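>>> task: produce atomic coordinates for the following.
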Amino acid sequence: MWRQNQCARHYYWRKLFLQPDRTRWLENLEHRQVNTMLDHLNSHVAARRISHKVQFAEHCRIHGLATPANVAVWDQGGQLLTPAPADPHVDLFMKPMADFGSVGAMPIVRDRIDGRYRFGTTLLSWGDLLETIAAKHTRRTGYVMQRRLRNSPAAAVYGDDDVCNLRIVTGRPVHGEPVPIAAVIRLPSSFTTQGHDRHVLLATVDLATGRMGPGVFRDIKLPQFTHHPDTGYPITGRLLPRWTEMLALVLAAHRTCPWMPFVGWDVVDSDQGLLLLEANANWGGDSAQLPGAPALGQTPFTGIFLEWFEHFKS
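Below you'll find the predicted structure:
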């Protein structure tokens, strides 16, 4: 537990209590173990070509993959890397180029009355907003600004404070076709106090059917939710709308980067259609193995990993 930097109750809840069949305990790979394994493979490939948000946007443009357009991009230090954008007069969303678990992501709401933008507790003009971001929010990493997305009507049954973000993990054998490994959807809720995934409502998605499992948090003090805690709409057992299309989209996307052993794709069913938000080289071993989902040791993950491991050794 010390080596994994996890509190005891979290470790036993994840590793033991929710895995009743003792013969399968070792099939549940810990989050940091998965990251270590992925780091090894990714060190041999051009993972940055898709994990870097600006390079990912260019990759999508080249291959005709639908993704949100960047309104503005800043490097670390505040230099604007895109032409100075005109005021778009819409709500916006910012996220770091190098983030983990959505830390640092933030919405920027445009005041409909006076046209200024609410940034934290301050209302700023468009020019002041750009200057504030460059001066105060780019010291540790660059930032990307995009138009804020809203859920499609089918996804908005769980609220519209944030988009319902589907993470589908795909793996590709060295000389084969990509296959799905795991899927989990992130849902908005009033329990979400900040962007980090520990405060976010998650539900597994069955790869064969697109059927959702119960909503859970990583905070073990919170129960499982068969219905959404705010809207009351069913979670458990619901067939995720457009699941087949979203699965086909990420498999097609993985074919455009065949050098990547594994990718965690973020897909949204938004008011602008189906979009790929991001491609993640490190995609979260814990969320991929939520209660009720197959452990990674029961999926093609281990076979594909070992195949690439041997490939890089030779």
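>>> so for the closest residue to Cys164 other than its chain neighbours, what's the pLDDT?
In this structure, Cys164 finds its nearest non-sequential neighbour in Ala155, 4.3 Å apart by C-beta to C-beta, 6 or more residues apart in numbering. Using the backbone N, CA and C atoms, a C-beta is placed for each residue, glycine as well. pLDDT for Ala155: 97.
>>> contacting residues for Ala155?
With C-beta atoms under 8 Å, 6 or more residues apart in numbering as the criterion, the residues that contact Ala155 are Val163, Cys164, Pro241, Val268, Asp269, Ser270.
>>> one more: Pro258?
Contacts of Pro258 (C-beta under 8 Å, 6+ apart): Arg172.
>>> right, and the helix or strand after the helix or strand harbouring Ala134?
Secondary structure from DSSP states H and E places Ala134 in helix 126-136. Sequence-wise, the next helix or strand downstream of helix 126-136 (DSSP H and E) is strand 143-147.
>>> what's the spacing between that following strand and its chain's center?
16 Å (C-alpha atoms, centre = their mean, to the nearest Å).
>>> quick check on the residue nearest to Cys164: phi, psi?
Main-chain dihedrals, Ala155, degrees, to the nearest 10: phi -90, psi -20.
>>> go on, the one 5 residues further on?
Its backbone dihedrals place Asp160 at phi -130, psi 20, with angles given as degrees, to the nearest 10.
>>> I'd say it and Ser152 touch.
No - at 10.0 Å, Asp160 does not count as touching Ser152 under the criterion of C-beta atoms under 8 Å.
>>> now do Thr193, the pLDDT please.
On pLDDT, Thr193 comes in at 65.
>>> now the strands for the stretch 101-250 of the chain?
Assigned by DSSP state E, counting those that start in this stretch, the strands in the stretch 101-250 of the chain fall at 106-110, 117-119, 122-124, 143-147, 165-171, 179-187, 201-204.
>>> separation between Asn42 and Gln33?
Using C-beta to C-beta, to the nearest Å, one gets 15 Å for the distance from Asn42 to Gln33.
>>> who touches Gly273 in this structure?
Per C-beta under 8 Å, 6+ apart, neighbours of Gly273: Ala66, Ser152.
>>> what's across from it in the sheet?
Ser270 (DSSP bridges).
>>> next, the contact list for the residue nearest the centre of the chain, please.
Closest residue to the average C-alpha location of the chain: Asp266 at 4.7 Å, with C-alpha atoms, centre = their mean. Neighbour list for Asp266: Asn165, Leu166, Arg167, Leu276, Leu277, Glu278, Ala279, Asn280 [criterion: C-beta under 8 Å, 6+ apart].
>>> just checking, it is part of a helix?
No - read with DSSP: H, G, I helix; E, B strand; the rest coil, Asp266 is strand and lies in no helix.
>>> need phi/psi at the closest residue to it other than its chain neighbours.
Leaving aside its sequence neighbours, Asp266 sits nearest to Leu277 (C-beta to C-beta, 6+ apart; 4.0 Å). In terms of degrees, to the nearest 10, the main-chain angles of Leu277 are phi -80, psi -50.
>>> so Leu277 is in contact with Val268, correct?
Yes - with contact defined as C-beta under 8 Å, Leu277 reaches Val268; the gap is 5.8 Å.
>>> thinking again about what came up before, any idea which of the strands of the stretch 101-250 of the chain gets closest to Pro88?
Nearest of these to Pro88, taken as C-beta to C-beta: strand 143-147 at 6.6 Å.
>>> between the closest one and helix 126-136, how many degrees?
Orientation check (axes from the mean of the first three to the mean of the last three C-alpha atoms, to 10 degrees): strand 143-147 against helix 126-136 gives 150 degrees.
>>> strand partners (parallel or antiparallel) of strand 143-147?
In the sheet, strand 143-147 lines up with strand 70-74 (antiparallel), strand 92-96 (antiparallel) (DSSP bridges).
>>> what residues sit buried inside it?
By neighbour count with 16 or more other C-beta atoms under 10 Å, strand 143-147 contains the buried residues Tyr143, Val144, Met145, Gln146.
>>> before we move on, back to that, least reliable of the strands paired with strand 143-147 by average pLDDT, please.
Set side by side, the strands paired with strand 143-147 differ in mean pLDDT, and strand 92-96 is lowest with a mean of 91.
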